[in-house]
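J.: what shape does this take:
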Amino acid sequence: MNLPLLLLAVYSAVVVALGFWNARLVRGSSDFFVAGRSLGPGLVFTSMIAANIGAGATVGVAGLAYRDGLSAWWWSGSAGLGSLVLAFWVGPRLWRLARDRGFVTTGDFLESRYGSTVRAVVTGLIWLGSLSILAAQLLAGATILNVIAGVPRWAGSLIGGAIMTAYFAAGGLLGSARVNTLQFAVMLLGFAVAVPGVVAAAGGASALGTAAGLPEGFGSILHSSGPGSGWTLLLLVGPAFIVSPGLIQKSYGAASERALRLGVSWNAVALMAFTFAPVLLGMSARVLEPGITDANAVLPQVLTHHLTPWLGAIALAAIFSTEVDTCDAVLFMLSTSLSQDLYKRHLNPGATDRQLLTVARGAAVAGGAAGVVFSIYLPTVVEGLSIFYSLLGVTLLVPVVGGLFIARAGSREALASIAGGIVAWLAVRFWLRGLSPWMDPTFVGLLAAALAFGVTLAMPRAQKSARLAG
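T.: Okay, the predicted model is just below:
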């Protein structure tokens with residue numbers, strides 16, 4: 001009997017059943033999109049942490065730690081630091097606007113602040129980026145099924161996609177927030193049993209930075225070999241967790257500013273503490289099995305080979321749980337954006353509440369299917385997430401923060417910032433990166449976005465209009 005596979009099957013059935021049971025609580029689109037703005041600190045916390053601890057924070061971080069060592073902490077550590085900014089500076093301002101003006105998506109804020117053109121541009125970019133992060137989660141889940149049962153990638157992606165689409169489409173944010181509580185408990189249990197056992201098998205924590213054959217800087221949290229390694233991950237990951245549409249929309253569901261601050265800040269602290277678990281597992285894998293070539297397989301392989309069958313099964317169920325619960329956060333972002341930013345805004349402004357809810361659920365199913373297709377061709381988890389985080393940072397950070405804190409900023413500043421950030425990011429990522437190994441596409445894109453925003457803001461209005469017309 002394949003014990004891990006059996007446990008995953010039982011767990012998945014429970015999650016789907018719980019999602020459909022919670023569907024009875026969804027009486028309208030407000031419940032689906034923002035949970036009726038009723039989430040207390042605890043549900044805000046579990047909803048956020050479930051969204052943030054997914055493929056990147058587990059499978060991806062373990063793969064980075066296998067390559068770089070302790071400095072892989074910066075992947076989720078940076079997410080925690082970005083979440084603190086969301087909790088205390090950006091989130092409360094957006095929440096007040098959402099409460100007073102009925103916002104349910106980040107696109108609602110962008111249109112209110114800058115106009116429909118900015119909303120349309122950002123929405124299109126976010127759809128593309130969201131598919132990359134959804135595919136990364138499904139790829140991680142498929143890798144687990146492949147390691148424990150030899151399930152092909154396409155079949156594993158299809159299974160994971162079906163599970164998360166079923167329970168999210170039924171219950172939306174209100175239902176998934178409750179399912180996330182179960183998933184969070186399973187995740188904690190799995191890592192609690194996995195880390196001590198694997199680290200002990202590797203010779204103890206002291207051996208993880210000193211064993212023979214480890215690369216230089218493997219035991220240093222401050223090590224970096226260039227962009228995408230160590231502390232440079234702060235530039236890639238941090239901004240995305242300040243302005244992620246999915247996280248902003250989850251914060252809209254808070255019952256009060258206090259609930260938002262507490263829930264999101266608890267999530268930030270938990271992220272920074274939790275990330276040591278997959279880091280230690282990845283470092284242990286480097287000591288125990290130095291020949292692993294697939295970064296996606298590091299975590300499931302070390303759990304399968306170096307724990308007892310029961311402990312390994314529990315740990316793998318926890319990892320699978322993290323991938324599925326992060327998928328629902330991405331589906332949330334896609335379904336709300338497609339139904340609100342596209343359908344209601346442009347196709348059917350007079351849509352009834354029932355029509356909007358139907359479209360949102362249909363959009364979740366379509367997004368899940370597209371994510372499955374994309375995951376079949378994605379090389380690694382980290383690559384898919386990096387595309388998403390970079391795109392979020394260079395397009396949204398400056399317009400959102402500028403719109404909240406600079407009263408004079410308008411649509412021209414926002415569009416200039418988005419164009420400058422995207423062009424610079426693409427130029428460095430595909431053409432100029434070879435000029436220096438330390439040239440980071442995300443940092444250059446953020447800098448270009450801020451400069452474009454500032455220069456456009458500083459131009460006199462008449463001169464600005466004349467240049468744009470010319």
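J.: so how many other residues sit close to the residue nearest to T210 when sequence neighbours are not counted?
T.: The spatially closest residue to T210, leaving aside those adjacent along the chain, is G219, at 6.8 Å (C-beta to C-beta, 6 or more residues apart in numbering). Quick note: C-beta positions are derived from backbone N, CA and C, even for glycine. By other C-beta atoms under 10 Å, 16 other residues sit near G219.
J.: before we move on, what about the one 10 residues further on?
T.: Taking other C-beta under 10 Å as the neighbour definition, S229 ends up with a count of 17.
J.: and for T308?
T.: Going by other C-beta under 10 Å, the residues that sit close to T308 add up to 10.
J.: next one: W431
T.: Counted by other C-beta under 10 Å, the residues lying close to W431 total 9.
J.: now do the contacts for it.
T.: Residues near W431 by C-beta atoms under 8 Å, 6 or more residues apart in numbering: none.
J.: what's the spacing between it and V121?
T.: In this structure, W431 and V121 are 23 Å apart, going by C-beta to C-beta, to the nearest Å.
J.: ok, back up a step: the residue nearest to T210 falls within a helix, correct?
T.: No. Residue state for G219 (DSSP: H, G, I helix; E, B strand; the rest coil) corresponds to coil; a helix is not indicated.
J.: ok, it - contacts?
T.: Contacts of G219 (C-beta under 8 Å, 6+ apart): G69, L70, L208, G209, T210.
J.: what's the farthest-apart pair in those residues?
T.: Greatest spatial distance in those: L70 and T210, 11.9 Å, computed using C-beta to C-beta.
J.: who has more neighbours, the two?
T.: L70 (22 against 11).
J.: check what pLDDT the spatially most central residue of the chain gets.
T.: By C-alpha atoms, centre = their mean, the chain has its centre lying nearest to N52, at 5.4 Å. At N52, the predicted lDDT confidence score is 85.
J.: wait, it touches L271, no?
T.: Yes. In this structure N52 lies within contact range of L271 using C-beta atoms under 8 Å: 5.8 Å.
J.: overlap in contacts of those two?
T.: Counting by C-beta under 8 Å, 6+ apart, the residues touching both N52 and L271 are S76, A79, S83.
J.: and the last one, how many residues sit next to it?
T.: Residue neighbour count, defined by other C-beta under 10 Å, stands at 28 for S83.
J.: apart from its neighbours in sequence, what residue is nearest it?
T.: Excluding the flanking residues, the one nearest S83 by C-beta to C-beta, 6+ apart is A268, at 3.7 Å.
J.: in three-state terms, label I292 for me.
T.: At I292 the chain is in coil, as set by three-state DSSP.
J.: need the contact list for the closest residue to it other than its chain neighbours.
T.: Among residues not flanking I292 along the chain, V298 sits closest, at 5.5 Å (C-beta to C-beta, 6+ apart). Residues in contact with V298 (C-beta under 8 Å, 6+ apart) are V59, A62, G63, Y66, G282, A285, I292.
J.: swap the cut-off to 7 Å and go again
T.: Taking C-beta atoms under 7 Å, 6 or more residues apart in numbering, we find V298 in contact with A62, G63, Y66, G282, A285, I292.
J.: which member of those is positioned nearest D440?
T.: Nearest to D440 among these: G63, at 19.7 Å, using C-beta to C-beta.
J.: tell me which element that closest one falls in.
T.: Assigned by DSSP states H and E, G63 falls within helix 61-68.
J.: pLDDT averaged over that helix - what is it?
T.: What helix 61-68 shows for mean pLDDT is 96.
J.: only the buried residues of that helix, if you could.
T.: Neighbour counts over helix 61-68 (16 or more other C-beta atoms under 10 Å) mark V61, A62, G63, L64, A65, Y66, R67, D68 as buried.
J.: could you measure from the spatially closest residue to the first one that is not a sequence neighbour over to H305?
T.: Closest residue in space to V61, ignoring its immediate chain neighbours: P278 at 4.2 Å, by C-beta to C-beta, 6+ apart. When distances are taken as C-beta to C-beta, P278 and H305 turn out to be 16 Å apart.
J.: so these two - more neighbours on which side?
T.: Shown here are P278 and H305; by other C-beta under 10 Å, P278 has more neighbours (31 against 14).
J.: how far away is the more buried one from Q137?
T.: With C-beta to C-beta as the criterion, P278 and Q137 are 15 Å apart.
J.: R354 now?
T.: R354 sits 30 Å away from Q137, taking C-beta to C-beta as the criterion.
J.: these two: who's more crowded?
T.: Between R354 and Q137, counting by other C-beta under 10 Å, Q137 is the more crowded of the two (32 against 10).
J.: check the secondary structure at that one for me.
T.: Under three-state DSSP, Q137 falls in the helix class.
J.: which stretch of helix or strand covers W95?
T.: Residue-wise, W95 maps onto helix 91-101 under DSSP H and E.
J.: same thing with R258?
T.: Using DSSP H and E, R258 maps to helix 257-274.
J.: so what does that helix touch, helix or strand wise?
T.: Applying 3 or more C-beta pairs under 7 Å, 6 or more residues apart in numbering; DSSP states H and E, we find helix 257-274 packed against helix 41-52, helix 74-85, helix 91-101.
J.: next SSE after the helix or strand hosting L356?
T.: Take DSSP H and E as the rule and L356 turns out to sit in helix 353-377. Downstream of helix 353-377, the first helix or strand assigned by DSSP H and E is helix 381-405.
J.: ok, and for that following helix, which residues are buried?
T.: Buried residues in helix 381-405 (16+ other C-beta under 10 Å): 381-404.
J.: Q340 contacts T106, correct?
T.: No. Counting by C-beta atoms under 7 Å, Q340 does not reach T106; the two are 10.0 Å apart.
J.: of the two, who's got more company?
T.: T106 (29 against 25).
J.: S225 belongs to a helix?
T.: No. Using three-state DSSP, the assignment for S225 is coil, not a helix.
J.: so what's it up against?
T.: Neighbouring residues of S225 by C-beta under 7 Å, 6+ apart: D68.
J.: report the contact partners of T336.
T.: With contacts defined as C-beta under 7 Å, 6+ apart, T336 is in contact with F33, V104, T105, Q249, A360.
J.: turn those into TSV, including secondary structure.
T.: Listed next are the contacts of T336 as TSV, based on three-state DSSP:
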residue	secondary structure
F33	helix
V104	coil
T105	coil
Q249	helix
A360	helix
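J.: ok, these vs S116, which is closest?
T.: T105 (13.3 Å).
J.: please report how far that closest one lies from T380.
T.: In terms of C-beta to C-beta, T105 sits 30 Å off from T380.
J.: ok, and the closest non-adjacent residue to F88?
T.: R261 (6.3 Å).
J.: from I248, how far out is the one you found?
T.: Separation of R261 from I248 (C-beta to C-beta): 14 Å.
J.: which of these two has more neighbours?
T.: For the pair R261 and I248, the greater number of neighbours falls to I248 (23 against 20), based on other C-beta under 10 Å.
J.: so what's that one up against?
T.: Neighbouring residues of I248 by C-beta under 7 Å, 6+ apart: L94, T106.
J.: what of Y114?
T.: Contact analysis of Y114 by C-beta under 7 Å, 6+ apart lists P399, G403, G410, S411, A414.
J.: about what we covered before: using JSON lines, lay out the contacts of V298 together with distance to A201.
T.: Listed next are these as JSON lines, based on distance: C-beta to C-beta, whole Å:
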{"residue": "A62", "distance to A201": "15"}
{"residue": "G63", "distance to A201": "19"}
{"residue": "Y66", "distance to A201": "15"}
{"residue": "G282", "distance to A201": "14"}
{"residue": "A285", "distance to A201": "10"}
{"residue": "I292", "distance to A201": "15"}
